[in-house]
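J.: 3D model of this:
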Amino acid sequence: MSNTNENKRLQGKVAIVTGSSSGIGEGIALAMGREGASVVINYHSNEESAQELKSKIEEAGSKAAVVQADVANPDDVEKLIRAATDNFGTLDILVSNAGIQRDDNFLDMSLEDWNKVISTNLTGNFLCAQAAAKEFVKRKVKQEEKRAAGHIIFISSVHDIIPWAGHVNYATAKGGVQMLMKTLAQELASEKIRVNGISPGAIKTAINEDVWSTEKGRKDMLSLIPYGRIGEPEDIAKVAVWLATDEADYITGTTIYVDGGMTLYPAFSDKG
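T.: All right, here's what the predicted structure looks like:
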C-alpha cells in the first residue's frame, strides 16, 4: 500500500537518478517516486526498461521523465539537469549511480577499458555533481536552517576500500568516488549542500546474476557476507531515500556501507 501524500517523505521534491533503468538505480528511482518525488529516469541504452519504470512511478502517484544520457558527456549531463528543471521546475536530489564494469587482469587490461570505466564511474560522477550543485546554489538557505539546499548521493561500492584483483579500473574509480564525495562535502557545506555516499556490497542485480543464480555462486558470495543473505536493490533504496530527507540533515561527508558486513573481513570471523 502506498503512502498518502501527507506522509510521503519526499513529497514535492525532484530527483535525478542516473543509471536508473535497471538494478540499484531502478530500485532507488522507484522508492523515491513512491515517497512522492518527481523523478528523472536516466538510461544509456535500455529505453524500454526506463519507460516501464516511468509507468510504475506514475502508478504510485508521482511524476517521471525519461532521458537518454551518457554521464561522461557534459552535454548529456546538462540535458539531464534541464529535464528536471523544464519538467518539474527545480532539482532537489541527485543520485549519481551510473556505472559500468570492463574487467580484466591488470597485466592484460587495455587502456581503452581503463579509460572507459574511469570516464563513466569517476568523471561521470564529477560532471553530474557539478551540474547539480550549480543548480542547488541558486537557493539561498541560511546556515542555521535544518534543511539542505540540495542533496548529492553517490552510489559507490565496498570496493572503494576493499581491493579487487582483476577489476583495477573499477576499484580505482570507486576509491576516487570516495574522496570526491568527501571533498565536495567539505567544499559545498557552506552552500548548505549535503554530499554523502552509499557503498553497496553484494546486491542481486542483472550484472551479477550469473553468480547468485547458481548454488555454487550463491555459496561463494555468502561466504563473504557475515549477515548471511545477499542484498536486494531495496536495501540500498531505503537508505538513499532516508539520506535525502531532513531526518538526515546533520549528515554530510559520510559513506554508509550497506553490505551485510562484507567490509568486516569475514575471513577473520573464526578468530584467526
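J.: my guess is P266 meets Y227, correct?
T.: No. Contact criterion C-beta atoms under 8 Å: P266 and Y227 do not qualify, at 9.6 Å. For every residue, glycine as well, the C-beta is placed using N, CA and C.
J.: so which residues of the protein form strands?
T.: 14-17, 38-43, 64-68, 93-96, 150-155, 193-200, 255-258 (DSSP state E).
J.: which residues touch the fifth one?
T.: Under the criterion C-beta atoms under 8 Å, 6 or more residues apart in numbering, residues 24-25, 28, 91-97, 99, 125, 129, 132-133, 135-136, 139, 177, 180-181, 184, 188, 192-198, 200, 236, 240, 243-244 lie in contact with strand 150-155.
J.: hmm, back to that, possible to save the strands of the chain as CSV with mean pLDDT, distance to A206 and mean neighbour count?
T.: As requested, those are exported to CSV (pLDDT from 0 to 100; distance: least, C-beta to C-beta, whole Å; neighbours: other C-beta atoms under 10 Å):
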stretch, mean pLDDT, distance to A206, mean neighbour count
strand 14-17, 98, 17, 29
strand 38-43, 98, 14, 28
strand 64-68, 98, 19, 20
strand 93-96, 98, 19, 30
strand 150-155, 98, 16, 26
strand 193-200, 98, 14, 25
strand 255-258, 98, 19, 19
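J.: and the ones you listed: which comes nearest D220?
T.: Set against D220 and scored by C-beta to C-beta, the strands of the chain come closest in strand 193-200, at 17.7 Å.
J.: relative to strand 150-155, how tilted is that closest one?
T.: Strand 193-200 and strand 150-155 are oriented at 20 degrees to each other (axes from the mean of the first three to the mean of the last three C-alpha atoms, to 10 degrees).
J.: tell me where this structure has helices.
T.: Secondary structure of the chain by DSSP state H: the helices cover 23-34, 47-59, 74-88, 111-118, 124-136, 168-188, 209-212, 215-222, 233-243.
J.: do I have it right that S38 meets G61?
T.: No. With contacts counted by C-beta under 8 Å, S38 stays clear of G61, the gap being 10.8 Å.
J.: which residues does the worst-scoring helix or strand of the chain on mean pLDDT contact?
T.: The helix or strand of the chain with the lowest confidence, counting by mean pLDDT, DSSP states H and E, is helix 209-212 at a mean of 83. With contacts defined as C-beta under 8 Å, 6+ apart, helix 209-212 is touched by 202, 204, 217-218, 220-221, 230.
J.: quick one: buried residues of it?
T.: For helix 209-212, the neighbour count (16 or more other C-beta atoms under 10 Å) marks W212 as buried.
J.: output the below-cut-off pLDDT ranges for the chain.
T.: Residues of the chain that meet the criterion pLDDT under 70 lie in 1-6, 272.
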